[in-house]
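Novice: When you get a sec, could you give me coordinates for this:
(one chain, ligands or ions: 1)
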Amino acid sequence: MSENRLWNHIIEDLQNRLERDDFDLWIKPLAAQMGANDNLTLLCPSRFHLKRLRETYLPMVNNFLENQGEQVKLNCKVAVPSNSRGENQSNRQMNLPSIKRGMPLLNNRFKFDRFVAGGGNELAFAAAKALAGEKRFFSNTLLLVSDTGLGKSHLTQSVGHYVMETQPNARVAYLTAEDFANQMISALRRKNMDAFKEHFRRECDILLLEEIPFLAGKEKTQDELGFTLDALLDAGKRIILTSCQVPNEIKGIKRNLESRISSGMTINIEPPDHRTRVNILAHQAHEEGMVVDPEVLEYLAQEIPEDIRRLQSSLVGIMAQGSLTNRPMDLGLAVEIVGKMTHRKKKVNVETIRDMVARIYGMEISTLTSRSRRKVVTVPRNMAMYLCRKHTSASYATIGRSFNRDHATVMYGVNQIDRKIANDPKLQKEMSHIEQRLGVR
Ligand SMILES: Nc1ncnc2c1ncn2[C@@H]1O[C@H](COP(=O)(O)OP(=O)(O)OP(=O)(O)O)[C@@H](O)[C@H]1O
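Specialist: Here you go, the predicted structure:
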């Protein structure tokens with residue numbers, strides 16, 4: 001494949017997988033160069049950028065290339081001009097480890113030593129560490145519950161890393177409930193359910209399964225997961241599950257699966273207190289080798305109290321701006337970056353919302369705006385129209401033009417969601433996921 005086409009495919013894949021902010025900050029500034037012997041080199045603007053790229057995004061690119069069957073060797077380097085001694089720093093290429101088939105795809109940053117324990121998450125941290133170790137833990141199942149961005153994935157993947165590093169014979173399965181459902185559907189289609197069952201029930205020593213609420217309403221998948229959990233627990237294997245809601249609040253989860261999920265230890269991760277938030281930021285700055293004024297850290301911790309993902313991304317924004325433009329990383333820059341994060345809220349329009357909702361629900365825009373009255377289409381359509389009312393100043397009639405609907409139909413759809421949302425946690429979770437992807441949350 002030509003350099004351009006391959007790079008465009010990689011970009012497209014990353015765009016689908018990453019939050020818009022992360023994509024804009026880390027992927028957009030890259031350039032790609034195809035060299036001899038199928039060497040693809042990614043050029044990034046700074047060493048700071050390079051470090052983050054290697055740790056977080058290149059494993060995804062490697063995995064994508066492997067899935068595409070591309071025999072490409074991936075390198076990355078800083079594309080800076082020659083320095084005063086005439087050495088071309090861009091020659092300091094780094095070869096990246098390729099991913100072995102069958103190894104779970106874990107984020108290299110999600111390790112125990114990068115998790116800051118403190119008010120809100122101490123118990124979850126201790127329980128995850130205990131379960132990862134080989135010492136007997138008093139329960140083989142751990143369920144982590146929290147709102148978005150509070151460390152469920154970080155802890156779950158830390159367990160995966162730890163087990164792979166310290167117990168090399170242990171077979172680790174890390175996936176989301178959605179992956180589990182998709183793999184099951186594809187096994188059913190290919191008529192190889194036996195292999196699917198064998199894989200999860202007998203070829204797995206520790207199961208790390210995220211985002212359980214995805215299974216709401218999917219009864220067959222729930223039954224299969226129930227049998228899988230039974231087989232693993234009978235064999236004394238370890239299981240970590242994550243959810244944004246406690247199991248008895250997830251509508252559409254069958255009673256027998258709910259009781260299996262809740263059979264072990266359930267821990268709620270609370271939002272971190274102010275001191276822990278400052279510590280998380282200080283730890284992050286230290287890891288990146290950056291010196292940031294403590295006043296800046298205090299300011300960010302105060303302005304962004306709930307979601308650690310947003311908290312960290314504000315600091316990353318400051319460090320990236322500072323290192324690219326040589327601006328001091330001071331309170332002035334912090335106020336500007338936080339201001340921009342808030343200002344961006346107003347930037348979405350009816351079309352961006354409509355297109356994002358279609359993308360998230362895996363349908364064409366023409367399907368979302370079609371006459372279809374199937375629930376899988378009407379619910380996302382109503383959600384999209386509701387978000388347009390909430391985040392833009394567009395009138396019902398203007399929204400209607402983008403959805404092929406009249407003013408009254410838009411009003412009815414928006415009201416439907418308005419009435420449901422207060423009492424429907426699954427809908428709330430989906431809504432906040434879309435809002436996060438839109439950068440309005
Ligand atoms: N205590 C912590 N110390 C350091 N980093 C943290 C901590 N808690 C969360 N983070 C960071 O915050 C970001 C979000 O965390 P994570 O993805 O684990 O959240 P989550 O609870 O799984 O969210 P979601 O429900 O949206 O999937 C990650 O970058 C993670 O490294």
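
Novice: any idea which element the nearest residue to Thr228 once chain neighbours are set aside lies in?
Specialist: Nearest residue to Thr228, sequence neighbours excluded (CB to CB, 6 or more residues apart in numbering): Phe200, at 4.7 Å. To be clear about C-beta, it is placed using only N, CA and C from the backbone, and glycine gets the same treatment. Secondary structure from DSSP states H and E places Phe200 in helix 193-202.

Novice: After that helix, which helix or strand is next? Please name it.
Specialist: Immediately after helix 193-202, counting by DSSP H and E, sits strand 206-210.

Novice: near the ligand, anything from that following strand?
Specialist: No. Applying CB under 6 Å from any ligand atom, one finds strand 206-210 out of contact with the ligand, separated by at least 7.1 Å.

Novice: Same question for stretch 127-145.
Specialist: No. Taking CB under 6 Å from any ligand atom as the criterion, stretch 127-145 and the ligand are apart, separated by no less than 7.8 Å.

Novice: on that earlier part again, distance from the chain centre to the helix holding Phe200, please.
Specialist: Helix 193-202 sits 27 Å away from the centroid of its parent chain (CA atoms, centre = their mean, to the nearest Å).

Novice: I would like the residues contacting whatever helix or strand Tyr174 lives in, please.
Specialist: Using DSSP H and E, Tyr174 sits within strand 172-176. Strand 172-176 is touched from outside by 104-106, 156-157, 160, 163-164, 183, 199-200, 204-211, 214, with contacts defined as CB atoms under 8 Å, 6 or more residues apart in numbering.

Novice: ok, so what distance separates the residue in the stretch 201-350 of the chain that the ligand sits nearest to from Asn121?
Specialist: Per CB to the nearest ligand atom, Ile308 is where the stretch 201-350 of the chain lies closest to the ligand, at 3.6 Å. Ile308 is 9 Å from Asn121, where distance means CB to CB, to the nearest Å.

Novice: what about these two, which has more around it?
Specialist: Asn121 (28 against 23; other CB atoms under 10 Å).

Novice: OK, contacts around Ala394?
Specialist: Contacts of Ala394 by CB under 8 Å, 6+ apart are Asn349, Val350, Cys388.

Novice: got a markdown table for those, with neighbour count, secondary structure and distance to Ile239 too?
Specialist: Formatted as a markdown table, these follow (neighbours: other CB atoms under 10 Å; DSSP: H, G, I helix; E, B strand; the rest coil; distance: CB to CB, whole Å):
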| residue | neighbour count | secondary structure | distance to Ile239 |
| --- | --- | --- | --- |
| Asn349 | 15 | coil | 44 |
| Val350 | 21 | helix | 43 |
| Cys388 | 28 | helix | 41 |
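
Novice: can you give me the strands for the stretch 201-350 of the chain?
Specialist: Taking DSSP state E, counting those that start in this stretch as the test, the strands found in the stretch 201-350 of the chain are 206-210, 238-243, 265-268.

Novice: Contacts for the shortest one, please.
Specialist: Outside strand 265-268, the residues that touch it by CB under 8 Å, 6+ apart are 123-124, 127, 138-139, 141-146, 246-247.

Novice: Output that strand as PDB - backbone C-alpha positions only.
Specialist: Coordinates of each C-alpha in strand 265-268 appear next as PDB, following Å, rounded to 0.1, in the frame of the first residue of the first chain:
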ATOM      1  CA  MET A 265     -16.100  -7.700  46.200                       C
ATOM      2  CA  THR A 266     -17.800  -4.500  44.800                       C
ATOM      3  CA  ILE A 267     -15.900  -1.200  45.300                       C
ATOM      4  CA  ASN A 268     -17.100   2.200  44.400                       C
END
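
Novice: Paired strands for that strand, with orientation please.
Specialist: Using DSSP bridges, the strands paired with strand 265-268 are strand 141-145 (parallel).

Novice: And the helix or strand just after the partner strand, how far out from the chain middle?
Specialist: Downstream of strand 141-145, the first helix or strand assigned by DSSP H and E is helix 152-166. Averaging C-alpha positions (CA atoms, centre = their mean) puts helix 152-166 16 Å from its chain's average.

Novice: how about helix 152-166: buried residues?
Specialist: 152-164 (16 or more other CB atoms under 10 Å).

Novice: That's all I had, so thanks and see you.
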